[in-house]
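Chemist: Structure for the following, please:
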Amino acid sequence: MYGIYLVGVMIVTGGAIAFIGDKLGTKIGKKRLSIFGLRPRHTSMIVTVITGGLITALTMGTLAVTSENVRTALFGMEELNSAMESTRIKLTEVSDELFLTQGELADAGKDLLQSKDEIETLKAEQKELTAESERLKEGNEQLEQEKSELTAENKTLADTNSALEDSNKKLSASNTNLTSENEKLTKNNSELEEHAKNLRDGLIAIREGDIIFKAGEILSSGVINPNQSAEKIAADINKLADEASGNISARFGETIDSSVWIYQPELNRAIETISKSKQDMVLRITAAGNLVRGEPIRTALSLYKNDSVFDKGEFIFSKTYDVVKEADAEIILQNFLSEINRAAVGRGILADPISGSVGIIDGDQLYEVMDSVGKIRGKVYLSAYAKDATTSIGPLRLNIKVEQRRGL
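Modeler: Next up, the predicted model:
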């Protein structure tokens with residue numbers, strides 16, 4: 001449509017210019033005009049030529065102004081040809097590439113078909129994998145449940161194992177203690193065997209020798225402070241044992257080999273008991289059996305709390321007696337001392353295991369009391385007081401007052 005319009009414009013423009021040139025040439029011919037001194041006929045020809053040129057120039061100019069394609073054809077043909085050649089080359093290259101691409105496309109088509117087959121195969125495999133995944137999921141759930149059960153069981157086993165380890169440690173410690181105790185028992189057994197032999201020898205000695213200490217008789221005694229180390233307590237006990245040895249030598253009236261034998265477990269128990277005590281303890285070392293000259297000195301240990309029993313001057317006991325004759329004084333005094341002894345033991349004074357006595361009265365005072373009682377006829381009132389502050393270990397030293405009661 002644009003080309004038809006352009007042709008129409010060119011026809012109209014050419015016709016107009018031809019008409020104008022014809023009119024101009026006719027007018028110049030009639031007036032016989034001359035240009036550059038030329039004849040009118042030649043002038044008319046020049047005007048006609050110029051007019052034709054103008055027609056061509058105007059036509060081409062109009063076409064060039066109105067059409068980009070005309071401008072390109074007039075002024076850019078070489079460039080257009082070069083571009084066309086370049087385009088042709090590119091088209092050839094593109095055609096070659098297209099051919100190659102078509103080949104590749106054909107190969108791709110084959111690959112696509114193969115891929116579709118593979119996709120179908122993969123879909124089938126995927127379906128199988130999905131089913132397998134479901135089975136695995138169920139298996140995993142079962143495994144998780146079993147894992148939870150195993151975890152709980154492992155925890156139980158760990159707790160049991162921990163308890164067993166604790167028990168094993170305790171058993172190891174007990175085994176160590178038992179080993180140590182076994183060694184001690186072995187040693188004690190040897191000592192007991194030696195002790196049994198000594199007992200047998202002692203029985204023979206009893207039949208043939210003199211008894212110098214009776215069973216239960218005190219060899220030595222003393223107060224031990226518990227607020228000290230076990231070594232110091234053991235040293236205090238050994239000191240009392242040495243004192244016992246000295247007392248035995250004194251009994252014989254000569255220096256003899258009088259080493260005191262103390263049963264080791266009994267010694268250990270005594271040290272432990274004293275260490276745990278909150279107050280001073282009285283330790284008595286007594287003869288374990290009748291001791292005969294020449295046999296080993298076997299002893300036993302007795303422990304008592306050393307309580308405060310009487311203050312200095314504290315009243316102990318009193319009683320009224322009837323005196324008929326002077327000879328009654330000795331019997332009365334013996335009875336009175338027995339009553340004091342029972343009262344003192346009841347208050348916590350430790351009595352002598354053999355004699356049972358706890359009180360001590362000076363000889364001068366004893367004779368003075370007997371003399372005073374012997375001079376009285378009728379009622380006599382006797383009262384006893386602690387001469388000094390006295391603890392459980394004793395002895396209880398006495399002050400005895402004698403008063404005659406009249407009219408009773």
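
Chemist: Next, count neighbours for A250.
Modeler: 11 (other CB atoms under 10 Å). In short, each C-beta sits where N, CA and C put it, glycine included.

Chemist: Kindly state the pLDDT recorded for it?
Modeler: With respect to pLDDT, A250 has a value of 72.

Chemist: Please apply the same query to N189.
Modeler: On the pLDDT scale, N189 gets 64.

Chemist: To what extent is T43 buried, counted in neighbours?
Modeler: Neighbours of T43 under the rule other CB under 10 Å: 19.

Chemist: And the residue nearest to the spatial centre of the chain, how far from L267?
Modeler: Central residue of the chain (CA atoms, centre = their mean): S162, 13.3 Å from the mean position. Going from S162 to L267 by CB to CB, to the nearest Å gives 40 Å.

Chemist: which is the next helix or strand following the helix or strand of the chain with the lowest mean pLDDT?
Modeler: None of the helices or strands of the chain scores lower by mean pLDDT, DSSP states H and E than strand 359-360, at a mean of 63. Following strand 359-360 in sequence order, the next helix or strand is helix 363-375 (DSSP states H and E).

Chemist: Can you give me the buried ones in that next one?
Modeler: With burial defined by 16 or more other CB atoms under 10 Å, the residues of helix 363-375 counted as buried are 369-370, 372-374.

Chemist: Stretch 49-57 now?
Modeler: For stretch 49-57, by 16+ other CB under 10 Å, it's 51, 55.

Chemist: Report how many residues lie close to A152.
Modeler: 10.

Chemist: Tell me which stretches of the protein form helices.
Modeler: 2-31, 40-66, 68-75, 77-208, 230-252, 264-276, 328-347, 363-375 (DSSP state H).

Chemist: now those as TSV including distance to F317?
Modeler: Shown next, in TSV, are those (distance: least, CB to CB, whole Å):
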stretch	distance to F317
helix 2-31	161
helix 40-66	164
helix 68-75	158
helix 77-208	40
helix 230-252	31
helix 264-276	32
helix 328-347	4
helix 363-375	14
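
Chemist: So for S383, which of those helices sits nearest?
Modeler: S383 lies closest, by CB to CB, to one member of these: helix 328-347, at 9.5 Å.

Chemist: okay, the angle between that closest one and helix 363-375?
Modeler: Taking axes from the mean of the first three to the mean of the last three CA atoms, to 10 degrees, helix 328-347 and helix 363-375 form an angle of 120 degrees between their directions.

Chemist: before we move on, the earlier item: any chance of a markdown table for the buried residues of helix 363-375, columns pLDDT?
Modeler: Formatted as a markdown table, the buried residues of helix 363-375 follow (pLDDT from 0 to 100):
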| residue | pLDDT |
| --- | --- |
| V369 | 83 |
| M370 | 83 |
| S372 | 85 |
| V373 | 84 |
| G374 | 84 |
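
Chemist: can you tell me which two in those residues are farthest apart?
Modeler: With CB to CB as the measure, no two of the buried residues of helix 363-375 lie farther apart than V369 and G374, at 9.5 Å.

Chemist: Return the residues in contact with the residue nearest to the centre of the chain.
Modeler: Not one residue lies near S162 by CB atoms under 8 Å, 6 or more residues apart in numbering.

Chemist: pLDDT wise, what is it at?
Modeler: 79.

Chemist: Likewise for F315?
Modeler: pLDDT for F315: 92.

Chemist: With adjacent residues omitted, what lies nearest to it?
Modeler: Excluding its sequence neighbours, the residue lying closest to F315 (CB to CB, 6 or more residues apart in numbering) is Y385, at 5.7 Å.

Chemist: can you pull the contacts of L366?
Modeler: L333.

Chemist: should've said N335
Modeler: N335 sits in contact with Y321, where contact means CB under 8 Å, 6+ apart.

Chemist: And the pLDDT at it?
Modeler: 89.

Chemist: And it, how close does it get to T48?
Modeler: Distance from N335 to T48, counting by CB to CB: 199 Å.

Chemist: One more: K155?
Modeler: Taken as CB to CB, the span from K155 to T48 is 124 Å.

Chemist: Of those two, which one has the most company?
Modeler: Neighbours around K155 and T48, counted as other CB under 10 Å, are more numerous at T48. The numbers are 16 against 10.

Chemist: Measure how buried D311 is and give me the count.
Modeler: D311 has 11 nearby residues by other CB under 10 Å.

Chemist: Now it. Nearest residue, chain neighbours left out?
Modeler: With CB to CB, 6+ apart, the residue lying closest to D311 is A389, at 5.5 Å.
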